[in-house]
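Q: A predicted structure for the sequence below; I have some questions about it.
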Amino acid sequence: MYDMVINYGTDIFRVTYEALENSSLASFLKKDAEVMIKPNMVMAKPPSSGATTHAEVVAAIIEFLRNIGVTKIKIAESASVGENTKAVYRICGFDNLFSKYGVELVDLKQTKTKTVKTGDLAMEIYEEALNAEFIINVPVLKAHCQTNLTCNMKNLKGLIPDSEKRRFHSLGLHKPIAVLNKAVKTSFCVVDGICGDINFEEGGNPIERNMIIAAADPVLADSYCASLLGYEAKEIGYLKLADEMALGKLFDNSAKILELNADKKPQVKPANSAIVKKLSAMTDEKDACSVCYSALICALHKEGLTFSGDKKIKIGQGFRGKGGEGIGVGNCTKGFSKNLKGCPPKANEVAKFLRNAV
């Protein structure tokens with residue numbers, strides 16, 4: 001059995017369904033299981049902004065569950081402080097899921113909470129989450145201005161009321177996020193890695209990755225996703241704490257990964273934000289796959305590098321068979337004097353490489 005399944009493509013529903021078919025999800029579920037799907041509905045912005053979960057991802061999860069006999073399914077979320085959850089559902093197309101599948105869309109802000117004490121920290125958590133038999137966490141793979149990464153573990157903040165969300169910030173976020181993940185267990189993760197933001201959890205600077213990640217361990221998935229943004233797990237405070245609290249396993253080379261459609265990774269799309277356009281100007285891109293290119297953009301953003309001219313970094317299939325003096329990222333640019341191999345390399349590997357190469 002694989003620890004993580006990664007699938008690539010632009011047909012979001014198909015890519016998600018294929019990932020689930022090849023994952024361990026079915027082995028965890030009884031037909032009479034009650035499943036709560038927890039997306040990332042942070043605010044009323046469409047998924048194309050890089051902020052929110054694609055409805056197609058959740059639709060694929062619902063159809064997969066029904067096809068294996070699981071029928072008791074609900075979607076539950078509370079949007080960020082001051083945001084209207086029902087409006088976010090509507091903007092993100094989740095009303096269509098209700099119309100098509102009849103699944104309940106729960107606005108947790110309208111439900112009751114319960115005080116839970118874990119260790120030395122007490123917090124208010126929605127009873128819907130505490131009573132959930134099986135939680136499928138469906139975050140967006142994106143950056144965060146305070147915690148560097150927001151993915152599975154931080155997505156559980158949607159299971160606490162606005163007053164508690166504010167208090168989490170006053171407590172520094174990392175410890176309460178880790179404790180929340182001890183109080184409420186994620187049963188399975190389906191990471192929406194289609195076009196998460198590289199800078200801010202509220203979107204605006206999306207970068208195409210066109211990938212879906214399925215895993216049972218949220219710590220493993222999050223630490224892997226951190227590497228895709230250019231970070232080591234030790235740079236994410238709540239991941240360090242999760243490791244110390246034995247909430248899951250940090251990603252390393254021993255993890256068993258199945259990659260689907262790795263030879264069909266979609267090519268990069270044009271930059272669609274000011275930050276991404278600025279970073280793209282430092283690259284010489286020719287037919288690059290979106291996953292490889294996103295790794296380079298995320299690494300450039302993390303390192304804060306600025307250069308141009310002959311120092312532009314070469315990337316993409318258009319450089320196969322070419323070489324000479326220059327900097328190249330990925331196997332397609334192996335002919336250049338300074339090259340980082342990988343198909344694709346992870347952003348944290350690219351970041352380390354660039355520190356010495358430019």
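A: Happy to help now that I have it. As the structure is a prediction and not an experimental result, all values here were calculated from the model. Numbers count the residues shown, from 1 in each chain.
Q: Show me where this structure has its helices.
A: For the chain, helices defined by DSSP state H occupy the ranges 12-21, 25-28, 55-67, 85-91, 94-101, 127-130, 152-155, 162-170, 174-183, 218-228, 237-244, 274-280, 290-303, 347-357.
Q: a markdown table please, covering these and showing mean neighbour count, mean pLDDT and distance to Ile212.
A: Backbone N, C-alpha and C define where each C-beta goes, glycine included. Shown next, in a markdown table, are those (neighbours: other CB atoms under 10 Å; pLDDT from 0 to 100; distance: least, CB to CB, whole Å):
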| stretch | mean neighbour count | mean pLDDT | distance to Ile212 |
| --- | --- | --- | --- |
| helix 12-21 | 22 | 98 | 5 |
| helix 25-28 | 15 | 94 | 12 |
| helix 55-67 | 21 | 98 | 7 |
| helix 85-91 | 19 | 96 | 21 |
| helix 94-101 | 16 | 94 | 17 |
| helix 127-130 | 18 | 98 | 24 |
| helix 152-155 | 28 | 98 | 13 |
| helix 162-170 | 14 | 94 | 27 |
| helix 174-183 | 22 | 98 | 22 |
| helix 218-228 | 26 | 98 | 11 |
| helix 237-244 | 20 | 98 | 21 |
| helix 274-280 | 17 | 90 | 21 |
| helix 290-303 | 25 | 92 | 12 |
| helix 347-357 | 19 | 92 | 18 |
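Q: Would you tell me which of these gets closest to Met41?
A: Met41 lies closest to helix 85-91 among those, at 4.3 Å (CB to CB).
Q: Can you tell me which helices and strands that closest one packs against?
A: With contacts taken as 3 or more CB pairs under 8 Å, 6 or more residues apart in numbering; DSSP states H and E, helix 85-91 sits against strand 72-77, strand 104-107.
Q: which residues sit against it?
A: Residues from elsewhere that reach helix 85-91 (CB atoms under 8 Å, 6 or more residues apart in numbering): 41-46, 52, 77-79, 95, 105, 107-109.
Q: Just the buried residues from those residues, in ChimeraX please.
A: Only the buried entries of the contacts of helix 85-91 go into this ChimeraX selection, using 16 or more other CB atoms under 10 Å:
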select :41,42,43,44,45,52,77,78,79,105,107,108,109
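Q: re earlier: of the helices and strands packed on helix 85-91, flag the one that's most buried.
A: Stretch with highest mean neighbour count among these: strand 72-77 (a mean of 22; mean count of other CB atoms under 10 Å).
Q: Other residues contacting that one?
A: Contact with strand 72-77 is made by 32-41, 58, 62, 65-66, 85, 88-89, 94, 97, 101, 103-108, 126, 128-129, 132, 158-159, as judged by CB under 8 Å, 6+ apart.
Q: got JSON lines for the helices of the chain, with distance to Ile257 too?
A: Below are those laid out as JSON lines (distance: least, CB to CB, whole Å):
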{"stretch": "helix 12-21", "distance to Ile257": "12"}
{"stretch": "helix 25-28", "distance to Ile257": "16"}
{"stretch": "helix 55-67", "distance to Ile257": "20"}
{"stretch": "helix 85-91", "distance to Ile257": "32"}
{"stretch": "helix 94-101", "distance to Ile257": "29"}
{"stretch": "helix 127-130", "distance to Ile257": "29"}
{"stretch": "helix 152-155", "distance to Ile257": "16"}
{"stretch": "helix 162-170", "distance to Ile257": "32"}
{"stretch": "helix 174-183", "distance to Ile257": "22"}
{"stretch": "helix 218-228", "distance to Ile257": "8"}
{"stretch": "helix 237-244", "distance to Ile257": "18"}
{"stretch": "helix 274-280", "distance to Ile257": "27"}
{"stretch": "helix 290-303", "distance to Ile257": "14"}
{"stretch": "helix 347-357", "distance to Ile257": "15"}
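Q: And those: which comes nearest Pro139?
A: Of all the helices of the chain, helix 152-155 sits nearest to Pro139, with 3.8 Å by CB to CB.
Q: now that closest one, how far from the centre of its chain.
A: The chain centroid and the centroid of helix 152-155 are separated by 9 Å under CA atoms, centre = their mean, to the nearest Å.
Q: Equivalent analysis for stretch 154-165, please.
A: For stretch 154-165 - counting by CA atoms, centre = their mean - the centre lies 18 Å from the chain centre.
Q: Any idea how far apart the tips of that stretch sit?
A: One end of stretch 154-165 sits 11 Å from the other (CA to CA, to the nearest Å).
Q: what do you get for stretch 206-223?
A: 20 Å.
Q: That one: how far from the chain's middle?
A: Relative to the centre of its chain, stretch 206-223 is centred 5 Å away, using CA atoms, centre = their mean.
Q: Likewise for stretch 33-50?
A: For stretch 33-50, the distance to the chain centre is 12 Å (CA atoms, centre = their mean).
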